[in-house]
Structure formats: C-alpha cells, structure tokens
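> model this:
(one chain, ligands or ions: 3)
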Amino acid sequence: MTATQKQQTLSRFFGSQGERCMAKKRSRSPSPASSKKAPKSDDTKESTPDDSVADVADDAKERLIDAKELLKMDSEVKVPDMAVGKPILYSKLCEVFEALEKESGRLKCIEIASEMFSHVLDTSENQEDQIRNLVEVNYLTINRVCPDYEGLELGLGETLLMKALATGTGRSMQQLKKDLGEYGDIGLVAQKSRSKQSLMFKPQPLTVSQVFKNLKEIASMSGASSQNKKIAMINRMLTSCDSREAKFLMRSLEGTLRIQFAEKSVVVALAKALVEHEMKQRGQKVTPAILSEAEEQMKEAFSQTPNYELIIESAIKYGTLKLMDHCTLKPGIPLKPMLAKPTKSITEILNQFENQEFTCEYKYDGERAQVHLLPDRTLRVYSRSSENMTQRYPDLIPVMEELQRLNPEVKSFILDCECVAWDKKQEKILPFQILSTRKRKDVKEEDITVQVCLFAFDILLYNGESLLQKSLKERRQYMYDNLKVIPGKFRFSEKLDSSDLDVITKFLDQSVKDSCEGLMIKTLNGTNSLYEPSKRSRNWLKLKKDYLEGVGDSLDLVVIGAYVGKGKRTGGYGGFLLASYNPDSGEFEAICKIGTGFSEEMLASLFEKLKPTQLDEPKASFVYDKTNPRAAPDIWFEPTTLFEVKVADFTESPLYKCGYSFLGDGSKGVSLRFPRFVRIRDDKSVEDATTSEQIVEMYEKQAHLS
Ligand SMILES: Nc1ncnc2c1ncn2[C@@H]1O[C@H](COP(=O)(O)OP(=O)(O)OP(=O)(O)O)[C@@H](O)[C@H]1O
Ligand SMILES: [Mg+2]
Ligand SMILES: [Mg+2]
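Ligands and ions are numbered 1, 2, ... in the order given. The predicted structure is shown next:
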C-alpha cells in the first residue's frame with residue numbers, strides 16, 4: 001500500500017468527523033453544562049487524517065504512539081472474571097459499563113472495552129460461541145440491536161419506561177417523576193428504586209443473550225397493542241436486575257447508555273482484542289505495527305460493510321489482518337456516502353485543483369439515493385443516512401428491470417444517484433419542494449403523482465466487483481459502458497471536463513437554468529479520485545449559486561427546544577432553539593434561536609410534529625449555559641428533527657455553546673446572525689447534523705476574510 005492509499009483508507013472511517021489538523025490546535029475544555037467527565041486533551045485526539053502529505057506522516061507517527069500506548073496499558077485494567085463456557089452474565093457487562101462511565105481518557109476506555117472483548121473470546125468454548133457472544137456484547141456496548149441501516153432502534157418513550165418502572169418496583173408514578181426531575185436520568189431513578197426494594201429470594205441472573213434478545217424484540221414491536229407487551233417484558237427483566245443492572249437496562253431502553261464511548265472507539269477496541277487473541281493462539285507477540293494494521297483493516301471493513309455480524313465473523317474465521325479480503329462492498333449493505341466541501345468561487349476551485357484533472361457535474365436538488373441491485377434482482381434504495389427507503393420508490397422497480405432488459409449482462413450494482421422530481425410532459429426537472437410532496441409511507445405505484453428521474457453520478461460496485469479503488473474516470477466509464485439511459489427515468493449527471501474559467505462559468509449558469517443548485521467539482525484521475533465512503537472530502541467540491549450571492553452553505557441543525565408563541569403565534573410555538581452536533585461527545589450544542597422563515601402552515605405542522613416529543617427536562621446531552629436563564633427555551637424536545645437554515649454570518653457569543661471546546665477558554669461559543677428557516681431535513685438523522693467543528697471552521701474562515 002502506498003502512503004496515499006493508506007491515508008485514504010484511514011480517512012474513510014474517521015473522515016466524517018472533521019479535520020484533525022484543526023482539532024489538534026484546539027484544546028478541549030470541560031463541558032460547562034454537564035457534570036459528566038471531561039475528556040483529557042492528550043487522550044481525546046481523533047485520528048482523522050487531513051489531506052496533506054505532512055499530515056499523513058504526522059498521523060502515522062501519532063498512530064504508532066497510540067498503538068504503543070495501547071499495548072503498554074495492558075495489565076492496568078481490571079475487567080470482571082467470566083467463567084469458561086458459561087453464558088455471559090449481564091451483571092458483568094454492567095460492571096464494565098460502569099468502569100467506562102467513570103473513565104474519561106479515550107485510550108483507557110478503549111483498553112477497558114478491549115479487555116472485555118478479550119474475555120469474551122477467551123471464555124467462549126468454540127468459534128460459533130465466540131462470534132455470537134462478541135456480536136451481542138458489542139451491540140449492547142454501542143446500544144444497538146442490529147446494523148444501522150436495518151432501522152431497528154431503541155429509544156422508548158419516557159412515559160412507557162416510567163410505567164414499567166412503577167409496576168416493576170412497586171413505586172408510585174408521583175415518586176418516580178419527582179426523582180426523575182431531580183436526577184434527569186431514568187437510569188439513576190431505576191437504580192435508586194431497585195436498591196430500595198427488598199427481595200424475598202434471589203432471582204435467576206440475567207444473561208447478555210437474554211437481554212440482547214429481549215431488547216431486539218422490544219425494538220421490533222410496533223402498534224398500540226405492543227405497549228403492554230413491552231412493559232411486561234421490561235418488568236420480567238427488571239425482576240432479575242440488581243440496582244446497577246436496572247440503571248443500564250433502563251438507559252439502554254431509553255436509547256442512551258451515557259457511557260460516552262463513541263462507536264469509532266469501539267471499532268478500535270474490537271480490532272485490538274481480536275488481533276491479540278489471534279496472536280496469543282499462535283504464540284506470537286503483538287507489535288504496534290500489527291495493532292495498527294488490525295485497526296486499519298477493521299475501520300476499512302466497517303466503512304465498506306457497516307455490519308458487525310459480518311465483520312466479527314470474518315475476523316474470527318479468517319483473521320483480523322485479512323478482514324479486507326472478506327468484508328468488501330456487498331449489494332444490500334449500504335456504505336456511508338462520500339460528502340463534499342463547500343467552495344465560494346470558480347477561482348477557488350481552479351486554485352485548489354491546480355495541476356489536477358477535474359470534472360464538473362450538475363448538482364441536482366433532490367434526494368440522495370444509493371441504489372442497489374442485488375444478484376436476485378431485488379432493488380434497494382438507501383437515503384443519505386443509510387435508511388432503507390425502498391418502499392417509497394416502487395416506481396423505480398420497473399426502471400431497474402428496464403436497465404437489465406437493455407443489458408442482460410447487468411447482474412448487480414451499487415449506484416450513487418440523486419433522485420429528482422420530473423415533469424414528464426415538459427421533460428424537465430422540478431424543484432425539491434415538489435419531490436417533498438411525495439408520500440413517504442404505503443406508497444402504491446398506481447397512486448404516484450410526482451414522477452422521479454434518477455441521475456446517476458457514480459458507480460461503486462458492478463457485477464460483484466468493488467470499484468472503490470478505481471479512479472472516477474474509470475468508474476464513469478463502467479456506468480456509460482454498462483447502463484443505458486432511459487428517457488425521463490434514468491440518466492447520468494450532466495458533466496463537463498474542462499478547466500477553462502469561462503467555459504465553467506457558462507456551465508454553472510446553464511445548471512441553474514436547468515433547475516439545479518449549481519455544480520459539483522470532482523478530481524478525475526489517480527488516487528485522489530477514489531471513492532471515499534463517509535468522508536467529507538476535498539476531492540469533491542460543491543459550488544452553489546447561493547454561495548456566489550454571498551450566502552454561505554446552509555446548515556442542518558437539530559431542534560432541541562421551542563418558545564411559547566405570542567401574538568399571531570399564540571397557542572403554538574413562536575420560535576425554536578437549535579443545536580449543532582458534536583460527534584466526539586455525542587452532545588448537542590445550542591447555537592441559536594430561530595423564528596424567521598416559517599409559514600403559518602409550517603408552524604402548525606411543526607407543532608403537530610414536535611409536541612409529542614416534548615420533554616420535562618433537557619437531556620443530559622444538551623449543552624447550553626445553565627447559569628443563564630436566558631439560555632433555556634420554554635420547552636425542550638427529544639432531538640428528532642433537523643432544520644435546514646440559511647444564515648447571514650457567524651458571531652461569537654457567551655450565551656450559546658456551539659463549538660465551545662474548540663474556542664479559547666471554552667467560555668464562549670459560536671452563534672448565528674439572522675438565521676432563516678429553509679426546510680425540514682428528513683433525509684438526515686440527528687447525527688448527520690452540521691457538526692460543531694464544521695461551524696467553528698466556517699466561523700474562523702469568515703473571521704479570516706473580514
Ligand atoms: N453530481 C452530483 N454529485 C454528488 N452529489 C450530488 C450531485 N448532484 C446532487 N448531489 C447531491 O448534493 C449533495 C451534497 O450537497 P448538499 O449541500 O445538498 O449537501 P447536504 O445534503 O446538505 O449535506 P452534506 O454536505 O452534509 O452532505 C449530495 O449529498 C447529493 O445528494
Ligand atoms: Mg441536496
Ligand atoms: Mg447542505
């Protein structure tokens with residue numbers, strides 16, 4: 001592997017987390033808003049490589065130190081003993097969760113988790129058990145029950161959990177509510193309630209397998225009649241819980257374990273445990289180089305097939321160092337899409353891509369669609385956030401059939417496309433607003449009124465072969481050679497391969513006339529043009545007509561609160577409190593209040609949508625200035641909804657906490673001036689919101705310009 005390839009491989013997994021070179025400069029200070037542990041600055045560095053060569057070298061050094069540190073820490077951590085061949089007890093796992101909750105250093109946390117994974121491997125009797133046990137323990141640690149893209153999620157409502165707790169512990173709702181008001185954490189309420197209960201006899205202990213199965217079943221149940229079943233299942237588990245188990249069980253059900261252990265660290269811990277186990281069996285020593293290689297293989301495997309069952313099984317069967325021979329792209333498993341960086345002008349693009357061949361494409365304004373054709377001819381369509389939205393597009397099935405009819409050689413593929421509303425009569429693109437009127441559930445082909453056309457701009461897999469390591473020029477050729485245009489249904493994105501300023505300017509104008517948002521500019525050749533899953537890459541630049549008019553890229557922010565409406569808005573919400581997302585801490589950092597850009601109808605429908613998500617208390621993951629009453633809204637919400645927001649500019653503010661850990665002493669954050677609501681972003685999940693780090697970057701860029 002060359003250094004550049006290696007760097008690209010590395011960047012895939014960590015890519016979406018932002019720029020490490022900037023993060024390195026910024027020291028993290030403790031969260032002023034929450035009492036939870038503060039990450040140590042030396043220990044919280046994320047290995048997010050930047051694009052420069054110097055940084056690659058730098059990063060390699062840092063990774064080696066990381067690996068050495070990790071190896072050194074071995075004997076210091078104590079993980080509870082588990083018996084060989086016996087089922088793993090849930091209480092043991094909860095001991096580990098508690099250790100993780102108390103520990104603040106990232107490396108230490110990785111160490112604790114990897115010790116636990118090692119124990120699981122050591123105490124399982126055969127390969128099959130190892131795989132099953134490790135998958136279950138891993139899912140419980142990241143608090144999921146299946147791969148992201150299968151869409152089953154925990155996150156039960158507070159009322160249901162409180163009811164279960166009341167029946168399970170014999171305490172009144174009133175008492176429980178009072179405790180919840182005091183602790184703001186249902187886990188602690190459960191812990192207290194359970195420790196007050198005296199038990200007549202010792203119940204059968206819960207096993208990890210039972211808890212995992214039950215959680216999965218609970219997550220799969222839907223409909224009004226399921227409520228009682230869920231409560232009954234929770235109660236059955238609660239009877240077997242001690243107070244610590246009750247704490248983590250309730251938190252799991254609620255959807256936040258509060259152990260502050262990010263998924264990207266879990267992957268590192270898994271790699272370490274697996275490779276160490278393997279080497280021990282062979283009587284070999286793990287060197288820092290082997291450890292680094294194992295991590296790389298694991299991260300790359302994860303960015304191509306984000307499915308733990310598959311990765312763990314392959315690592316155990318074939319070895320962690322061989323993961324990439326087995327965990328490559330598969331139709332039916334969505335990979336995290338590659339993302340673009342905003343640019344302000346064509347000249348900026350010409351400078352950035354100097355001496356590189358690049359291409360310009362229309363930037364269509366629809367919905368990103370990763371379209372998979374499986375070898376059994378089934379179709380799957382995944383959203384920007386890997387959500388399976390196949391049911392919403394039954395009208396794409398005949399399109400796929402037609403593609404195969406036109407070329408019977410086509411057996412399977414993964415295409416990166418924009419799905420755009422299409423006016424059949426006039427044969428032209430319709431604006432995004434029209435697309436958003438399409439039904440989202442129970443869509444029947446015969447009832448569809450808004451037609452769509454798929455614009456394919458990339459191909460990532462063709463007939464079983466991964467094309468990620470091919471240049472964009474080669475990937476395009478695969479598309480053009482093997483897929484045929486179907487007028488009004490399936491087309492390739494318009495493109496222009498030129499580096500002439502005037503020619504590009506004309507193409508940009510034309511794109512806007514053709515109802516597009518502007519252009520996407522991409523490197524065409526060599527290692528810089530490989531497809532980089534999950535990365536917001538410098539090799540893809542977006543140029544929107546908005547930017548040329550002096551408006552920066554829009555932001556996608558999480559709604560965490562609202563203000564009671566006055567005057568015309570009485571009875572509903574008058575404005576909202578928005579937050580950015582910090583993927584390192586999993587926190588939502590308040591950024592601004594917004595009240596402009598809403599129509600009456602929009603406000604009414606937002607009221608309907610958000611009311612059921614109202615909370616009595618802010619979540620522990622909300623970062624705002626608790627010492628200032630002006631910083632809190634009238635109403636808090638469960639974070640579920642994203643607003644796309646346009647903004648005049650950024651400003652530093654003592655009232656808002658967005659990006660505080662990247663700025664000075666952490667007493668100030670970034671806020672927005674004159675934010676204006678554009679639309680609801682329902683194709684993104686709250687974790688896909690604009691990150692605090694991106695906002696700090698935009699703020700710093702602006703400060704630099706003025
Ligand atoms: N030719 C194209 N190549 C790549 N992406 C395109 C193209 N045409 C349209 N798009 C769309 O543009 C999106 C990127 O720009 P946009 O500003 O809309 O991003 P976003 O969805 O708000 O979020 P983010 O930048 O965070 O992905 C892609 O995710 C894709 O949906
Ligand atoms: Mg878009
Ligand atoms: Mg955007």
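
> now do the SS call for the residue in the chain that ligand 1 sits nearest to.
Using CB to the nearest ligand atom, the single residue of the chain nearest to ligand 1 is residue 368, 3.2 Å away. C-beta here means a position set from N, CA and C on the backbone, and glycine is covered the same way. Using DSSP: H, G, I helix; E, B strand; the rest coil, the structure places residue 368 in strand.

> check residue 386 too.
From three-state DSSP, the assignment for residue 386 is coil.

> distance check, it against residue 96.
Separation of residue 386 from residue 96 (CB to CB, to the nearest Å): 28 Å.

> likewise residue 374?
38 Å.

> neighbour count: those two, which is higher?
Legend: neighbour count by other CB atoms under 10 Å for residue 374 and residue 96, higher for residue 96 (23 against 15).

> all strands of the stretch 451-600 of the chain, in order?
Using DSSP state E, counting those that start in this stretch, the strands found in the stretch 451-600 of the chain span residues 451-462, 465-466, 490-492, 495-496, 518-523, 536-544, 555-564, 573-582, 587-594.

> could the ones you listed go into a markdown table alongside distance to residue 317, mean neighbour count and mean pLDDT?
As requested, the strands of the stretch 451-600 of the chain are exported to a markdown table (distance: least, CB to CB, whole Å; neighbours: other CB atoms under 10 Å; pLDDT from 0 to 100):
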| stretch | distance to residue 317 | mean neighbour count | mean pLDDT |
| --- | --- | --- | --- |
| strand 451-462 | 23 | 23 | 98 |
| strand 465-466 | 20 | 14 | 94 |
| strand 490-492 | 39 | 19 | 98 |
| strand 495-496 | 43 | 18 | 98 |
| strand 518-523 | 37 | 24 | 96 |
| strand 536-544 | 33 | 22 | 94 |
| strand 555-564 | 40 | 24 | 97 |
| strand 573-582 | 36 | 26 | 96 |
| strand 587-594 | 38 | 26 | 96 |
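
> would you format these as JSON lines with distance to residue 440 included?
Below are the strands of the stretch 451-600 of the chain laid out as JSON lines (distance: least, CB to CB, whole Å):
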{"stretch": "strand 451-462", "distance to residue 440": "13"}
{"stretch": "strand 465-466", "distance to residue 440": "31"}
{"stretch": "strand 490-492", "distance to residue 440": "22"}
{"stretch": "strand 495-496", "distance to residue 440": "31"}
{"stretch": "strand 518-523", "distance to residue 440": "26"}
{"stretch": "strand 536-544", "distance to residue 440": "26"}
{"stretch": "strand 555-564", "distance to residue 440": "18"}
{"stretch": "strand 573-582", "distance to residue 440": "22"}
{"stretch": "strand 587-594", "distance to residue 440": "24"}
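
> which SSE is residue 354 in?
Under the criterion of DSSP states H and E, residue 354 resides outside all helices and strands.

> tally of neighbours for it?
9.

> ok, now which ones touch it?
By CB atoms under 8 Å, 6 or more residues apart in numbering, the contact list for residue 354 is empty.

> give me the pLDDT for it.
Here the pLDDT value assigned to residue 354 is 90.

> can you pull the phi/psi pair for it?
When read as degrees, to the nearest 10, the backbone of residue 354 gives phi -60, psi 140.

> what does the stretch 401-550 of the chain put close to ligand 1?
Neighbours of ligand 1 within the stretch 401-550 of the chain, by CB under 6 Å from any ligand atom: 418, 457, 493, 520, 542.

> and the third one, how many neighbours?
The tally of other residues near residue 493 (other CB under 10 Å) stands at 21.

> that one contacts residue 456, correct?
Yes - with contact defined as CB atoms under 8 Å, residue 493 counts as touching residue 456 (6.9 Å).

> gap between the residue of the chain closest to ligand 1 and residue 534?
Distance, residue 368 to residue 534, using CB to CB: 13 Å.

> cool, and residue 565?
In terms of CB to CB, residue 565 sits 40 Å off from residue 534.

> higher neighbour count, these two?
residue 534 (22 against 17).

> so how far is residue 247 from the more buried one?
Distance from residue 534 to residue 247, counting by CB to CB: 33 Å.

> now residue 607: closest residue in space, sequence neighbours ignored.
Among residues not flanking residue 607 along the chain, residue 572 sits closest, at 4.5 Å (CB to CB, 6 or more residues apart in numbering).

> am I right that that neighbour is in contact with residue 605?
No - here residue 572 does not reach residue 605: they are 10.2 Å apart, not a contact under CB under 8 Å.

> kindly tell me how buried residue 207 is, as a neighbour count.
Neighbour tally, residue 207, other CB under 10 Å: 19.

> what residues are bridge-paired with it?
residue 89 (DSSP bridges).

> does it really touch residue 93, like I thought?
No - Residue 207 is beyond contact range of residue 93, at 9.6 Å (criterion: CB under 8 Å).

> so where's this protein uncertain?
1-68, 70-80, 198-201, 549-551, 703-706 (pLDDT under 70).

> which parts of it sit against ligand 1?
Close to ligand 1, as judged by CB under 6 Å from any ligand atom, the chain has residues 339-340, 361, 363-364, 368, 384, 418, 457, 493, 520, 542, 556.

> 8 Å - rerun?
Within the chain, the positions near ligand 1 by CB under 8 Å from any ligand atom are 337, 339-340, 342, 361-368, 384, 416, 418, 455, 457-458, 493, 516-517, 520, 522, 536, 540, 542, 544, 553-554, 556, 644, 681, 683-684, 688, 690.

> just checking, residue 536 touches residue 341?
Yes - at 6.0 Å, residue 536 counts as touching residue 341 under the criterion of CB under 8 Å.

> more neighbours, residue 572 and residue 605?
Set residue 572 next to residue 605 and count neighbours by other CB under 10 Å: residue 572 wins out with 17 against 13.

> can you show me the helices along the stretch 401-550 of the chain?
432-435, 472-482, 501-513, 545-548 (DSSP state H, counting those that start in this stretch).

> sorry, slip of the keys, the one I care about is the stretch 201-350 of the chain.
Under DSSP H, counting those that start in this stretch, the stretch 201-350 of the chain gives helices at 208-220, 226-239, 243-254, 263-281, 288-304, 308-318, 323-326, 346-352.

> most tightly packed of the ones you listed?
When you average the neighbours per residue for each of the helices of the stretch 201-350 of the chain (mean count of other CB atoms under 10 Å), helix 243-254 leads with a mean of 24.

> just checking, what packs against that one?
helix 90-102, helix 158-169, helix 186-196, helix 208-220, helix 226-239 (3 or more CB pairs under 8 Å, 6 or more residues apart in numbering; DSSP states H and E).

> flag every buried residue along the third one.
Yep, that's helix 186-196 we're talking about. 186-194 (16 or more other CB atoms under 10 Å).

> and stretch 328-348, by the same measure?
In stretch 328-348, counting by 16+ other CB under 10 Å, buried: 328-344, 346.

> again with stretch 465-483
Neighbour counts using 16+ other CB under 10 Å place 466-468, 470-472, 475-476, 478-479, 482-483 of stretch 465-483 among the buried residues.

> so what touches it?
Counting by CB under 8 Å, 6+ apart, 304, 328-329, 357, 359, 403, 406-407, 409-410, 413, 415, 456, 458-462, 490, 492, 522-526, 529-531, 533 sit against stretch 465-483.

> can you tell me the distance between the two ends of that stretch?
By CA to CA, to the nearest Å, the extent of stretch 465-483 from end to end equals 15 Å.

> centre of the chain to that stretch, how far?
The chain centroid and the centroid of stretch 465-483 are separated by 27 Å under CA atoms, centre = their mean, to the nearest Å.

> cool, and stretch 343-359?
29 Å.

> common neighbours of residue 368 and residue 534, please.
Contacts common to residue 368 and residue 534, judged by CB under 8 Å, 6+ apart, are residue 337.
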